[in-house]
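Novice: pasting a predicted model and its sequence here:
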Amino acid sequence: MKPLSRRRFLAGAAGIGVAAGASAAGATLLGGCSSPRGHPAGPTPGRSPAAATPSESRPGVLVLLALYGGNDGLNTLIPYADPAYLGARPSLGYQPGQVIRLDAELALHPALTQLKGLWDAKQLAIVRGVGYPDPNYSHFRSMDIWQSGVPDRDEPTGWLGRYLDRTGGKDPLWALSLGPTMPPLLQGASVAGSALPSGNLTIASAIEAPYTALMTPAAGAPALQQRVAASGADLLTVVHAVREVLSAQTAPAGGTNLEGGPPSSTARTAAAATGLDAQLDVVARLIVGGLPTRVYVVSFGGFDTHGTEKDTHANLLAELDSAVGAFAKAVAGHPVVLMTFSEFGRRVAENASGGTDHGSAAPLFVVGSGVKGGYYGDEPGLTDLDDGNLRFTTDFRSVYATVAEGVLGVDQGAVLEGGSFPTLGFV
Amino acid sequence: MAADRATVAHLLRRAGFAPTSAEVDAAAAAGYGATVDLLLDFSEPDRADAAPAPAFTPYSPLAERGLTVAQRQAAQRQRNSEFAALQRWWLARMATTSHPLREKLTLYWHGHFATSFDKVRIPALMYGQNQLFRALGAGGFEPLTQAVAKDPAMMIWLDTGTDKAAHPNENFARELMELFTLGIGNYTEDDVREAARAFTGWVVDPRSLTWAERPAQHDFGSKAVLGQTGDWDGTDVVRILVSSAASQRFLAARVWSHFAYPVGTTDPIVTDLLPATVNMTALLRAVFQHPAFVSPTARGGLVKQPVEWLLSLVRILGVPGDSPRLLPILGALGQTPFRPPNVGGWPQNDYWLTTASSMARLQAAAFAVRSADLSPVADAAPSARVDAAAHLLGVSWSDGTARALAGVAADPRQLVTLALIAPESVLA
């Protein structure tokens, strides 16, 4: 039995909570799953988030951006000068004149204009050829591997869940996920991250005391029942802290919601809040407002482009580019690092449906004002393939080790097993 | 033989949706075995058939090509509105059906063969798939899987219709093995590639929007799938997969996990169920009659899916089944009908337990009590209201929950709001 470790990607952000006409008072959220703690984690009333953990005592804030479905790395960072590229992708490939060139060999997808600006400002690191040995082509298994950080066996805890076990204690604010699901990467052995509701965060004050009594896990009750209570209790902690930070910034009349408007705008903003731009906007405001959260996870789905990929993928990358560009501006000067990842890249050759099947190694992006821009890892060759797939050049655990030590300030042994992985130096 | 109320309430919750206290009383009087028989007897017409079936504007991708952009957008808006009506129709059907197990099974198959409107975009095809689950869901696993493989919604969802012999698309072949019939570890990458070749030439006819064969696009070469070699087509592959021993274990484990509590394929209970995997009616009977189905592990072993929890507001508290609030609540809780998060369907248990879903349940419960009939609780003396709420919802409170609820017994609205989100009410 595996508690929290599976399957949540293809439809991604589009799959939830955007039904038209949402007019219930805040019956909307970014959704998903969170904080099934194995033990009580009571709220911490009266704590001031901004004062509790001053930012200067924090090594940094990590924002993970999960691209669900398997992003086509080869049409993201494009080896436009290699004839094998257009040879494998006669209809799906981009011509040299269409791409945003980074140098004489590689270019960004035409939609990635903001990322090009960050590249020029040396605030974008591109880690190339990231993968793991013996690649798995199942969305579910490969995403499990990326989330657990353990490629060779089934591991129920996530790599950042183990970070929470080590450092986060019972604080449900330590790691927050937005988007339709809580990714298993935030599942620790004894604690987990929380899922931040979207929309109206108002809880009637008269109900808070009896609600707290109700959500006190009962000794001897079935384990699942205790977990219902624990996640219910975490809700008050999260809502109080988030509301305090956001209301200090926006002070809207009549209550607070994540979009900064009064609750009456819930119906309009609910749909928007599931978009990547809205998710990253909320994260930026919470970071700037001083919430003590150290890890945020946002999700963006739809990358499983088996058919008619070209327009779909261009639209996805345009949305990614615009959201990440705005986020980078919003958190400029704060010790924040945003990193993308996806369960795999895609097959080098296009299929007959104008799409690509599941592949292996792919590049990932690391963005932040403290990031040392440039390339890390070698570009995989297009001719020396493994059954039609790229051979990875950079072990994903090296990326995690770099982030653990350079952003979170913990030794890589806190999140990884199996020895020491060379760090990459992008932070 | 009469059965105890808690045990039949457990059966009715798992085999259907949010039983009312009158339904629990009737089942307790009839007895456990008779209730199982009744749940599995689909011979009578469903009273939910009285509601008009959803209607759809005829649609053809070919005809669409001649339209202007504005006309195409208007057509898509029309389809979106028909889709919302389809969602409401199924929710109302689940609330009013006289065959709750058949609707529960339809919901199960929707999660098993998870297909989303987000990609299919044609509501009539989602309805067709839903009817397929309803018609074939209680029969054999092979006929159902064969029908799903040729179901146009599934073919669009997993790109089957775009296969060509020269470049087969692996999407359907992979998920068929991994998620629908075998489970990971019971097939190889070569099996996926060979099976994908077998499905080449299957298309969705753009005029009729039904399955069709294009022999010119089919790969007639020899293929090896699970060690069996031949010039297989898609039907052969489904037969080979579904008749394997791994598939029977996979199915038994999945069904037990969704109706009782999560188990792996090597669990001894799965072995107990294997002889019953000949068809779903036999398998469900074996599940409900297994001693472990009424064990404490089973009774505390599942969190309600949001649809189940929502239907308690409708069936027990009388929130109107056509309220426009219902779908947004389901969206907030993470389970929108016809829009599963991905091809893996909805996970279980911890997936539904989040700070975000706690908020959504609280707000939905507060909404529900405003339009609900609270008289079964409000008419009781304040000191009896906590017990009245337990009876109404078909649960029994732990001491801690009873104490917390007693604190608000003076206010029936607040009492029922909290009773609906109490841990006991969130478990299935």
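Specialist: That came in fine, so what should we check first? Numbering: from 1, shown residues only, chains lettered A, B, ... in the order given.

Novice: please enumerate the strands of the chain.
Specialist: Just going to use chain A. Under the criterion DSSP state E, strands of chain A are mapped to A:61-67, A:77-78, A:100-101, A:107-108, A:124-131, A:175-177, A:194-195, A:295-300, A:336-342, A:362-367, A:374-376, A:394-395.

Novice: actually it's chain B I care about, not the one you picked
Specialist: Under DSSP E, chain B gives strands at B:202-204, B:211-213, B:223-225, B:228-230.

Novice: which among those strands is found nearest to chain A?
Specialist: Shortest distance between chain A and these, using CB to the nearest CB, is found for strand B:202-204: 11.2 Å. For the C-beta atoms, the positions are set from N, CA and C on the backbone; glycine is no exception.

Novice: returning to what we had before: need the strands of chain B in TSV (columns: mean neighbour count).
Specialist: Putting the strands of chain B into TSV (neighbours: other CB atoms under 10 Å in any protein chain shown) gives the following:
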stretch	mean neighbour count
strand B:202-204	21
strand B:211-213	16
strand B:223-225	21
strand B:228-230	12
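
Novice: can you put the ones you listed in JSON lines and add mean pLDDT and distance to chain A?
Specialist: Shown next, in JSON lines, are these (pLDDT from 0 to 100; distance: least, CB to the nearest CB, whole Å):
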{"stretch": "strand B:202-204", "mean pLDDT": "93", "distance to chain A": "11"}
{"stretch": "strand B:211-213", "mean pLDDT": "95", "distance to chain A": "17"}
{"stretch": "strand B:223-225", "mean pLDDT": "98", "distance to chain A": "16"}
{"stretch": "strand B:228-230", "mean pLDDT": "98", "distance to chain A": "20"}
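
Novice: least confident secondary structure element in chain B?
Specialist: helix B:61-64 (a mean of 80; mean pLDDT, DSSP states H and E).

Novice: residue contacts, B:Arg174?
Specialist: By CB atoms under 8 Å, 6 or more residues apart in numbering or on different chains, the contact list for B:Arg174 reads A:137-138, A:358, B:192, B:196.

Novice: for A:Ile203, give its distance to A:Gly232.
Specialist: With distances taken as CB to CB, to the nearest Å, A:Ile203 is found 11 Å from A:Gly232.

Novice: overlap in contacts, the two.
Specialist: Jointly contacting A:Ile203 and A:Gly232 under the rule CB under 8 Å, 6+ apart are A:Tyr211.

Novice: of these two, which one has the most company?
Specialist: Remark: of A:Ile203 and A:Gly232, A:Gly232 carries more neighbours, 28 against 19, as counted by other CB atoms under 10 Å in any protein chain shown.

Novice: that one and B:Ser358 touch, don't they?
Specialist: Yes. Assessed by CB atoms under 8 Å, A:Gly232 is found in contact with B:Ser358 at 4.6 Å.

Novice: mutual contacts of the two, please.
Specialist: Common neighbours of A:Gly232 and B:Ser358 (criterion: CB under 8 Å, 6+ apart): A:215, B:421.

Novice: what about A:Pro217, distance to A:Gln226?
Specialist: Using CB to CB, A:Pro217 is found at 4 Å from A:Gln226.

Novice: can you pull up the most central residue in chain A?
Specialist: By CA atoms, centre = their mean, the mean C-alpha position of chain A lies nearest to A:Leu65, the distance being 2.8 Å.

Novice: tell me the contacts of it?
Specialist: Per CB under 8 Å, 6+ apart, neighbours of A:Leu65: A:276, A:280, A:298-300, A:320, A:324, A:338-341.

Novice: do B:Ala27 as well
Specialist: So B:Ala27 contacts B:3, B:8-9, B:11-12, B:19, B:35 (CB under 8 Å, 6+ apart).

Novice: which of those count as buried?
Specialist: B:3, B:8-9, B:11-12, B:19, B:35 (16 or more other CB atoms under 10 Å in any protein chain shown).

Novice: pLDDT weak spots in the stretch 151-300 of chain A?
Specialist: The model of the stretch 151-300 of chain A has pLDDT under 70 over residues A:179-181, A:250-274.

Novice: again, only using 50
Specialist: Counting by pLDDT under 50, the stretch 151-300 of chain A shows low-confidence ranges at A:251-272.

Novice: tell me the residue of it that sits nearest chain B?
Specialist: Closest point on the stretch 151-300 of chain A to chain B, by CB to the nearest CB, is A:Pro222, at 2.9 Å.

Novice: count of residues packed around that residue?
Specialist: The burial count for A:Pro222: 18, using other CB under 10 Å.

Novice: contacting residues around the residue lying closest to it once chain neighbours are set aside?
Specialist: Leaving aside its sequence neighbours, A:Pro222 sits nearest to B:Gly300 (CB to CB, 6 or more residues apart in numbering or on different chains; 2.9 Å). Applying CB under 8 Å, 6+ apart, we find B:Gly300 in contact with A:221-225, B:427.

Novice: pLDDT score assigned to B:Gly300?
Specialist: We have a pLDDT of 92 for B:Gly300.

Novice: how far away is it from B:Gly318?
Specialist: 28 Å.

Novice: how about B:Pro328?
Specialist: 19 Å.

Novice: same question for A:Glu208.
Specialist: On the measure of CB to CB, A:Glu208 and B:Gly318 end up 27 Å apart.

Novice: also B:Asp231?
Specialist: Computed as CB to CB, the B:Asp231 to B:Gly318 distance reads 59 Å.
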